[in-house]
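A.B. asks: no sequence on this one, just coordinates:
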């Protein structure tokens, strides 16, 4: 059963990165629950921000970096809940422009936390972190106590941002928590390029009836989670008095990349799966098989994923088919 | 026995933060071993940079931020060894100016690594990291596999910088390693204020015949290491083919703060020890007792600390007595 969003009715929610994939889905869900929503999104090209993602929404949209106090302070001051989902997720981009990645993912986040501390220390904040910070798993499933070992600039920047949130909870009593997301899929994700991970690439190729390539034999597994399950977790963390100061793994089911590709091809009804040798720049930052242990989120937040991959990918394809041009 | 510095004779060494406490000591040791030394130091007020620290030295001094490519590129391009000791270490400062701390300790370091990668990818780099990144120890002694759990902005920034070094070693083949320093003491440390940790405060108070205050009963232990032992470790890491891509704990002996204060008072021959209640802002970021496990450095680098605290503090006091005005 989905998390009940009724407690957000009439409340002011701020969603950073709210024009992006993971941000726009909670914007729409919160609005459907009669919350008043403000979106802050810097609409950095190629990062996935897309005004069409919240077409028809009454949300106020502020186009700004989250650390831009003059643009963001008013919304930040009045928000009871902050879903902090701004950032860039491309590992390749982070290696090509490391300073840009640190600025966007860590420095702006720290500036945003300073702003919140100043104008709205009572706010509840849920930050979207990533399992990328664990690097190559030392054991499976990976729980929150697993050593941190980021393998790219993005992982280092995101870890810093996550820890800033936990620090501000512990030291400044900001009610901040963090969710470590795995490979999220679902409606409203940019499908062009490879900056948003492998799932949009797989989807696009299948929809275009092209072969999906997997590296090596495609045996390495990923933990795929539908964005609606992420929305549930964001809401559960925001509503839990036990969340502040804590990090929570999300996750669902671990499938090999080859199996994921096959399920996508089956669901779309076109495309194929091909094995290719590992490109060296990918092999260097690959993390092998990942499976997350989300029992802490289950125990503390009462959260569980609800959407199986085959069902989730089928409804995802239904979303994209008539809207493909928006996401390419 | 000290590490043999003869291999540095005739080599060009770049020491960042080389006017500061931990940087100036290797500058002088390397010069004594007939190395050619360039110092880059931004001389940020109150951070401990002091031209008197290398008085009489022939080292070239570049006053600049390490990420200032136009000022630093020439020295960075020709250095065979880079001892990267720039940064600020004040936990309190990092909480009062978090963005400044991130900029100085992480962003500038990332810019410097990008510069090195571009102009001198063959350089050997040893970075000065800190045990502060471990936060409150979950077990004692703390080895390098201990989970990272920084308790202030400084710890988060320094961890990011350390991981950038390891990442650049793993992905870009830069020959970078990192030493996680504990509480370093010895000549050439700024004694004024409390930005450089508790040891300079203890020293100053004893030298001024004032009471040294310890929080609570002063039972929490710290791992104190003499800066000459750090110089040894820097040299050993620079010369070891097994160091790149690795982090190493340094450490020596763990003494209670009360015991350290008593030994300082004994050695100086003035001052006293007093217990005071914990100030709340200190209690919030205190890490309890720390003792490091440095067996990895011993095994891989052949490094061991040589200087006991009583002997080390005695020679330290001999250094400061006639030069106190320089460090206040």
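C.D. replies: Now that the structure is in, tell me what you want to look at. Because the structure is predicted, anything quoted here is derived from the model rather than measured. Residues are numbered from 1 along each chain as shown, chains lettered A, B, ... in the order given.
A.B. asks: count of neighbours near the closest residue to residue A:326 other than its chain neighbours?
C.D. replies: Of all residues not flanking residue A:326 in the chain, residue A:52 sits nearest, at 4.9 Å (C-beta to C-beta, 6 or more residues apart in numbering or on different chains). For every residue, glycine as well, the C-beta is placed using N, CA and C. If you count neighbours by other C-beta atoms under 10 Å in any protein chain shown, residue A:52 ends up with 13.
A.B. asks: isn't residue A:52 right next to residue A:319, touching?
C.D. replies: No - using C-beta atoms under 8 Å, residue A:52 is not in contact with residue A:319, being 12.0 Å away.
A.B. asks: Name the secondary structure element that contains residue A:89.
C.D. replies: According to DSSP states H and E, residue A:89 maps onto no helix or strand at all.
A.B. asks: gap between it and residue A:213?
C.D. replies: Taking C-beta to C-beta, to the nearest Å as the measure, residue A:89 and residue A:213 are separated by 21 Å.
A.B. asks: Those two - which one has more neighbours?
C.D. replies: The residue with more neighbours, out of residue A:89 and residue A:213, is residue A:89; 23 against 19, by other C-beta under 10 Å.
A.B. asks: is it true that the more buried one touches residue A:155?
C.D. replies: No - with contact defined as C-beta under 8 Å, residue A:89 does not reach residue A:155; the gap is 10.5 Å.
A.B. asks: Identify the contacts common to the two.
C.D. replies: residue A:130 (C-beta atoms under 8 Å, 6 or more residues apart in numbering or on different chains).
A.B. asks: hmm, who's touching whichever strand or helix holds residue A:317?
C.D. replies: Using DSSP H and E, residue A:317 sits in helix A:309-320. For helix A:309-320, the surrounding residues in contact (C-beta under 8 Å, 6+ apart) are A:185-188, A:191, A:203, A:207, A:224, A:226, A:228, A:252-253, A:255, A:260, A:263-264, A:267-268, A:327.
A.B. asks: Let's test this: mean pLDDT of it, rounded?
C.D. replies: Mean per-residue pLDDT for helix A:309-320: 95.
A.B. asks: Repeat that for stretch A:35-44.
C.D. replies: Stretch A:35-44 comes out at a mean pLDDT of 95.
A.B. asks: rewinding a little: Three-state assignment for the residue nearest to residue A:326, please.
C.D. replies: When classified by DSSP: H, G, I helix; E, B strand; the rest coil, residue A:52 comes out as helix.
A.B. asks: ok, residue A:227 to chain B distance?
C.D. replies: Counting by C-beta to the nearest C-beta, to the nearest Å, the separation of residue A:227 from chain B is 28 Å.
A.B. asks: Please list all residues in contact with that residue.
C.D. replies: With the criterion set at C-beta under 8 Å, 6+ apart, residue A:227 makes contact with A:21, A:22, A:25, A:184, A:185, A:186, A:187, A:188, A:189.
A.B. asks: Of the residues you listed, which is the most crowded?
C.D. replies: Top of the contacts of residue A:227 by neighbour number is residue A:21, holding 28 neighbours under the definition other C-beta under 10 Å.
A.B. asks: Spell out which residues of chain A are next to chain B.
C.D. replies: Counting by C-beta under 8 Å from any C-beta of the partner chain, chain A comes close to chain B at A:95, A:98-99, A:102-103, A:106-107, A:110-111, A:113-114, A:145, A:147-148, A:150-153, A:156-157, A:159-160, A:163-164, A:167, A:170-171, A:284-285.
A.B. asks: Okay, and which of those map to strands?
C.D. replies: With DSSP state E as the criterion, strands contain none of the residues of chain A next to chain B.
A.B. asks: before we move on, back to that, closest to chain B out of the contacts of residue A:227?
C.D. replies: residue A:22 (23.1 Å; C-beta to the nearest C-beta).
A.B. asks: and the next element down the chain from the host helix or strand of that closest one?
C.D. replies: Here residue A:22, judged by DSSP H and E, is contained in helix A:21-32. Counting by DSSP H and E, the next helix or strand C-terminal to helix A:21-32 is strand A:36-41.
A.B. asks: Show the secondary-structure elements that the helix or strand just after that following strand is packed against.
C.D. replies: Sequence-wise, the next helix or strand downstream of strand A:36-41 (DSSP H and E) is strand A:60-63. Here strand A:60-63 touches strand A:36-41, helix A:69-78, going by 3 or more C-beta pairs under 8 Å, 6 or more residues apart in numbering or on different chains; DSSP states H and E.
A.B. asks: re earlier: list the buried residues in the helix holding residue A:317.
C.D. replies: Residues A:309, A:312, A:313, A:316, A:317, A:320 are the ones in helix A:309-320 that count as buried (16 or more other C-beta atoms under 10 Å in any protein chain shown).
A.B. asks: Stretch A:271-290 now?
C.D. replies: A:271, A:273, A:285, A:286, A:287, A:289, A:290.
A.B. asks: about what we covered before: which among the residues of chain A next to chain B count as buried?
C.D. replies: For the residues of chain A next to chain B, a burial check counting by 16+ other C-beta under 10 Å picks out A:95, A:98, A:102-103, A:106-107, A:110-111, A:113-114, A:147-148, A:150-153, A:156-157, A:159-160, A:163-164, A:167, A:170-171, A:285.
A.B. asks: got TSV for the buried residues of stretch A:271-290, with pLDDT and secondary structure too?
C.D. replies: Below are the buried residues of stretch A:271-290 laid out as TSV (pLDDT from 0 to 100; DSSP: H, G, I helix; E, B strand; the rest coil):
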residue	pLDDT	secondary structure
A:271	95	coil
A:273	96	strand
A:285	68	coil
A:286	76	coil
A:287	78	coil
A:289	91	coil
A:290	92	coil
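A.B. asks: tell me which of the residues you listed is nearest to residue A:131?
C.D. replies: residue A:290 (6.4 Å; C-beta to C-beta).
A.B. asks: Tell me if I'm right that the closest one and residue A:225 touch.
C.D. replies: No - counting by C-beta under 8 Å, residue A:290 does not reach residue A:225; the two are 11.8 Å apart.
A.B. asks: Overlap of the contact sets of those two?
C.D. replies: Shared contacts of residue A:290 and residue A:225, counting by C-beta under 8 Å, 6+ apart, come down to residue A:182.
A.B. asks: Go through the helices and strands packed on strand A:60-63 and pick out the most buried.
C.D. replies: Mean neighbours per residue, mean count of other C-beta atoms under 10 Å in any protein chain shown, is largest over the helices and strands packed on strand A:60-63 for strand A:36-41, with a mean of 26.
A.B. asks: low-confidence ranges in chain A?
C.D. replies: Counting by pLDDT under 70, chain A has low-confidence residues at A:1, A:195-196, A:285.
A.B. asks: Which parts of it are helices?
C.D. replies: A:21-32, A:69-78, A:91-96, A:98-102, A:108-119, A:153-172, A:198-207, A:227-239, A:257-268, A:280-283, A:295-296, A:309-320 (DSSP state H).
A.B. asks: Would you point out which residue of the stretch 201-328 of chain A is nearest chain B?
C.D. replies: Counting by C-beta to the nearest C-beta, the stretch 201-328 of chain A gets nearest to chain B through residue A:284 (5.5 Å).
A.B. asks: Tell me which residues touch that residue, please.
C.D. replies: With C-beta under 8 Å, 6+ apart, residue A:284 has these contacts: B:170, B:171.
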